[in-house]
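Q: got a predicted structure here, sequence first:
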Amino acid sequence: MSDASVNVKKRQMMTADGIPLKRSLRISLRREKLRGLALLAVPALFVIMLFIWPIYTLFQKSIDDSFVNDVLPRTMAIYEKWDGEDLPGEVHFEAMFLDLTTAEKLEIGKVSTRMNYAKSGWKSLIKKSNRKFKKFDPQKALLPQMIKADKRWGDIEFWKSLGIMKDRRTAGYYWNAVDRTYDSKKNVIMQPENRRVYVMFWKRTLLVSAIVTVACLILAYPVAYLLATLPLRVSNLLMICVLMPFWTSLLVRIVAWMIMLQQQGVLNDSLVGLGIIAEENRLPLMYNFNGTLIVMTQVLLPFMILPLYSVMRGIPPTYMKAAQNLGATPSWAFLRVYMPQTVPGVGAGVILVFIVAVGYFITPELVGGKDGQMIGNQIAYHLRKSLNWGLASAMGVMLLVAILVLYWVYDKIVGIDNMRLG
């Protein structure tokens, strides 16, 4: 082959600006990949910042128990040298005295709250002792002075409870969330009888969520069926009534229910006026379990109606007619032909309502009273008043895991692919 033909082929393998075709193709493919990565960067950053990072922080808080070690460094450092059999010596009392007198007042309040979860009485002991520490003579032995100020310093059980908090990472908050705790030897034991409350709240939360879900399904199914089968003009008008609660503040709706359900409210007055109940037998519908169920059912009802409606709207009416033409009665055709096709909507509505109900706390807080409180109220309480972020985070993680397990169970029984929201 002549040199002229070789040069012609080389020129044919070049782009217009003299770059080889292979190199130009690699550059083009690299640009496409970079453009794709740039487009994915924004949603990926959104997911990381608003979902992954908060969940990671929540988990970190739930196992972080370093606050006592940070506020009482001398005490926790020397704690390992104690045999745990006899009362600690002078050096331990001196370390505790120095830690409590040099730490900031705000930190002392927080750490005493944390210590009180390990053993009841720490908070009052530290608060009372801090007032008397100013009168101590640091040149004399601190052990007898501290015991004289409060006899509980001589109680070995208080010192043993510090062992529960010596580890910076612990599962103690998770055990506390199910009414368990550690003993001085790090064995898991039940909380004292008067401190076992959280298992009750977990059971009540699951019970309320299940009842509300079933009630919403029973009420929403016929409403969604009417919306899907009535003429479009009428169904649109009814749909406005379904969507209207979304245009009203949740607080306004709850207050309206409070007015209706109280002892002298609209509902009881109507029942008394109609002679259904006597004046002295007015129904207790507020600040109890019943009030929580009623208001949560009304608030969450649209979340069940909309998935059902979206599925029912797509079911051709000719299926029912065909079944009846083949000899089925209307009720039998509805049960065997129509209802099975609504399973995706039922599944979507059930899982949506149940998940929202499990984490609800506004409605139980306002209308639940003592008997209608749920686990969400306990999380809010620990965040707002007790400042026990570790316990609140542990409950939040357990709630998240429960929801993920619910998704898994739903996927095994119904299948996530069969869930339809529209």
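A: Now that the structure is in, tell me what you want to look at.
Q: which strand or helix spans Trp53?
A: Trp53 is part of helix 53-63, with elements assigned from DSSP states H and E.
Q: and that helix, how far out from the chain middle?
A: Relative to its parent chain, helix 53-63 has a centroid offset of 13 Å by C-alpha atoms, centre = their mean, to the nearest Å.
Q: check stretch 137-148 too.
A: Averaging C-alpha positions (C-alpha atoms, centre = their mean) puts stretch 137-148 47 Å from its chain's average.
Q: stretch 360-376 too?
A: Relative to the mean C-alpha coordinate of its chain, stretch 360-376 is positioned 14 Å out (C-alpha atoms, centre = their mean).
Q: now stretch 109-122
A: Computed by C-alpha atoms, centre = their mean, the chain-centroid distance of stretch 109-122 equals 25 Å.
Q: pLDDT on it, on average?
A: What stretch 109-122 shows for mean pLDDT is 85.
Q: ok, back up a step: in the very next helix or strand once past the helix holding Trp53, what's buried?
A: Moving toward the C-terminus from helix 53-63, the next helix or strand (DSSP H and E) is helix 67-71. Within helix 67-71, the residues that count as buried by 16 or more other C-beta atoms under 10 Å are Phe67, Val68, Asn69, Val71. Yep, even glycine has a C-beta here, placed from its N, CA and C like the rest.
Q: what about the closest residue to the third one other than its chain neighbours, distance to Met115?
A: Leaving aside its sequence neighbours, Asn69 sits nearest to Met76 (C-beta to C-beta, 6 or more residues apart in numbering; 4.8 Å). As defined by C-beta to C-beta, to the nearest Å, Met76 lies at a distance of 11 Å from Met115.
Q: any shared contact partners between the two?
A: Contact criterion C-beta atoms under 8 Å, 6 or more residues apart in numbering; residues shared by Met76 and Met115: Val68, Leu162, Met165.
Q: so who does the nearest residue to the last one once chain neighbours are set aside touch?
A: This means Met165. Once flanking residues are discounted, Met165 sits nearest to Val68: 4.3 Å by C-beta to C-beta, 6+ apart. Val68 makes contacts with Met76, Val111, Arg114, Met115, Leu162, Met165, as judged by C-beta under 8 Å, 6+ apart.
Q: hmm, the second one is touching Val71, no?
A: This means Val111. Yes - assessed by C-beta atoms under 8 Å, Val111 is found in contact with Val71 at 4.3 Å.
Q: list residues touching both of those two?
A: Ala103.
Q: what are the boundaries of the helices in the stretch 201-350 of the chain?
A: Under the criterion DSSP state H, counting those that start in this stretch, the stretch 201-350 of the chain contains helices at 232-243, 250-261, 266-273, 289-312, 318-325, 330-333, 339-341, 343-358.
Q: mind putting those into a markdown table with mean neighbour count, distance to Lys22 and mean pLDDT?
A: What follows is those, written out as a markdown table (neighbours: other C-beta atoms under 10 Å; distance: least, C-beta to C-beta, whole Å; pLDDT from 0 to 100):
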| stretch | mean neighbour count | distance to Lys22 | mean pLDDT |
| --- | --- | --- | --- |
| helix 232-243 | 12 | 59 | 84 |
| helix 250-261 | 15 | 62 | 88 |
| helix 266-273 | 15 | 80 | 87 |
| helix 289-312 | 23 | 52 | 91 |
| helix 318-325 | 13 | 59 | 84 |
| helix 330-333 | 13 | 66 | 85 |
| helix 339-341 | 12 | 55 | 88 |
| helix 343-358 | 22 | 51 | 89 |
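Q: now for the ones you listed, which one comes closest to Glu80?
A: helix 343-358 (41.8 Å; C-beta to C-beta).
Q: tell me how far the closest one lies from the chain's centre.
A: 16 Å.
Q: quick check: mean pLDDT of the helix or strand just after it?
A: Next along the chain after helix 343-358, taking DSSP H and E as the criterion, comes helix 362-363. Averaging pLDDT along helix 362-363 yields 88.
Q: what does whichever helix or strand comes after helix 362-363 contact?
A: Per DSSP H and E, helix 362-363 leads on to helix 375-381 as the next helix or strand towards the C-terminus. Contacts of helix 375-381 with the rest of the structure, by C-beta under 8 Å, 6+ apart, involve 198, 201-202, 204-205, 358-361, 364-365, 368, 392, 395-396, 399.
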